[in-house]
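1. Structure for the following, please:
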Amino acid sequence: VTITDDDSVTVSLTVSADTVAEAAGSITMTATLNKVSNENVVVSLGYTGTAVNGTDYGTGPGTITVTAGQTTGTATLTATADTLVEGGETIIIDITAVNGGNAAENGTQQKTVTITDDDTTSVSLTVSATTIAEAAGTSTMTATLAQATFENVTVSLGYTGTAANGTDYGTGPTSITITAGQTTGTAVLTATQDTAVEADETIIVDITAVSGGNASENGTQQKTVTIADDDTTTVSLAVSTATIAEAAGTSTITATLAKATFENVTVNLGYSGTAVNGTDYATGPTSITITAGQTTGTATLTATADT
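-> Alright, predicted model coming up:
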């Protein structure tokens, strides 16, 4: 007489960790019976997720065997290191079948393990021109990744220097975005024309922050762009009187700029005529200096009496 067993066994699945390091990190998968069985129970496994079986991790074990008389069996998953900047990747583990020992899956058993990416990339900054014309000259700023990454990278920018942001050049772009899967992004600086006679002015561009895609600044990235001033001014000469007395009469010579400029202007003078320099009048001043920011400078001619 055969007694037909009507008892059943259920199988549950657990993992030792739900995250694993990319650099050969491993997790243990455990199949657990709710009670012992009189024969081996074979638990078949399937793998999905964003991680590629056999590439991002060693080929996933096809089964776990729970030996007759035991309640647990185990298998191991091991991540595989690569150099791609790809973000966390998931391994989704399912029980696809259970055979032997009157065993069956306990409902739906599914576990997710995330491989934590340990790869990073760095950002460098370049400019297409280090000197630009004041008259709407442009320089393209390019942010470049050492390698592409899995999500957009935002490179934040800051501006210093002698040029005024928004005045001497159009308001500097606050960031450059490098699209996921690409290695470069760009933004443009454009100089603004004015009429002031000023020294060449500098735009100093710095990376102030990098976010997204496991990216960071490559050391300290700083670039300087110089706006070349194209404004000029002219000098006119006048005298306070065109006739002076021989007896120590004086005339003031005034050099006048059409508009002020950023540095001292030296106006060199020369003398000719029938009067002898240093004899008929005190030696004539050789130059007039107009101080930076001013529009005039003066010097004096003084006649010398003789008999």
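2. In terms of helices and strands, where is residue 61?
-> Using DSSP states H and E, residue 61 sits in no helix or strand.
3. next one: residue 97
-> Residue-wise, residue 97 maps onto strand 89-99 under DSSP H and E.
4. what about that strand, distance to the chain center?
-> Mean-position distance between strand 89-99 and its chain equals 42 Å (C-alpha atoms, centre = their mean, to the nearest Å).
5. what's downstream of that strand, the next helix or strand?
-> Once strand 89-99 ends, the next helix or strand along the chain (criterion: DSSP H and E) is strand 103-105.
6. So for the strand holding residue 97, mean pLDDT?
-> Regarding strand 89-99, the rounded mean pLDDT is 98.
7. If we go by neighbour counts, what in it is buried?
-> 89, 91, 93, 95, 98 (16 or more other C-beta atoms under 10 Å). In this view, the C-beta of every residue, glycine as well, is placed from N, C-alpha and C.
8. was I right about the first one contacting residue 47?
-> Just to be clear, that refers to residue 89. No: because the distance of 11.9 Å does not satisfy C-beta atoms under 8 Å, residue 89 is recorded as not touching residue 47.
9. Strands along the stretch 1-150 of the chain, start to end?
-> For the stretch 1-150 of the chain, the strands defined by DSSP state E, counting those that start in this stretch cover 9-15, 19-21, 26-33, 41-48, 63-66, 72-78, 89-99, 103-105, 110-116, 121-127, 131-133, 138-145.
10. Next, the angle strand 89-99 makes with the first one.
-> Same thing as strand 9-15. Per axes from the mean of the first three to the mean of the last three C-alpha atoms, to 10 degrees, the angle that strand 9-15 makes with strand 89-99 is 160 degrees.
11. Mind putting the strands of the stretch 1-150 of the chain into JSON lines with distance to residue 297?
-> What follows is the strands of the stretch 1-150 of the chain, written out as JSON lines (distance: least, C-beta to C-beta, whole Å):
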{"stretch": "strand 9-15", "distance to residue 297": "86"}
{"stretch": "strand 19-21", "distance to residue 297": "74"}
{"stretch": "strand 26-33", "distance to residue 297": "83"}
{"stretch": "strand 41-48", "distance to residue 297": "84"}
{"stretch": "strand 63-66", "distance to residue 297": "95"}
{"stretch": "strand 72-78", "distance to residue 297": "83"}
{"stretch": "strand 89-99", "distance to residue 297": "74"}
{"stretch": "strand 103-105", "distance to residue 297": "98"}
{"stretch": "strand 110-116", "distance to residue 297": "71"}
{"stretch": "strand 121-127", "distance to residue 297": "39"}
{"stretch": "strand 131-133", "distance to residue 297": "30"}
{"stretch": "strand 138-145", "distance to residue 297": "37"}
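12. Check the secondary structure at residue 159 for me.
-> strand (DSSP: H, G, I helix; E, B strand; the rest coil).
13. What is the burial count for residue 32?
-> 19 (other C-beta atoms under 10 Å).
14. Check what pLDDT it gets.
-> On pLDDT, residue 32 comes in at 98.
15. Would you mind measuring from the closest residue to residue 13 other than its chain neighbours to residue 15?
-> Nearest in space to residue 13, with sequence neighbours left out and distances taken as C-beta to C-beta, 6 or more residues apart in numbering, is residue 109 at 4.0 Å. Separation of residue 109 from residue 15 (C-beta to C-beta, to the nearest Å) stands at 11 Å.
16. The two: who's more crowded?
-> Neighbour tally, residue 109 and residue 15, criterion other C-beta under 10 Å: the higher count belongs to residue 109, 19 against 16.
17. Understood, closing this out.
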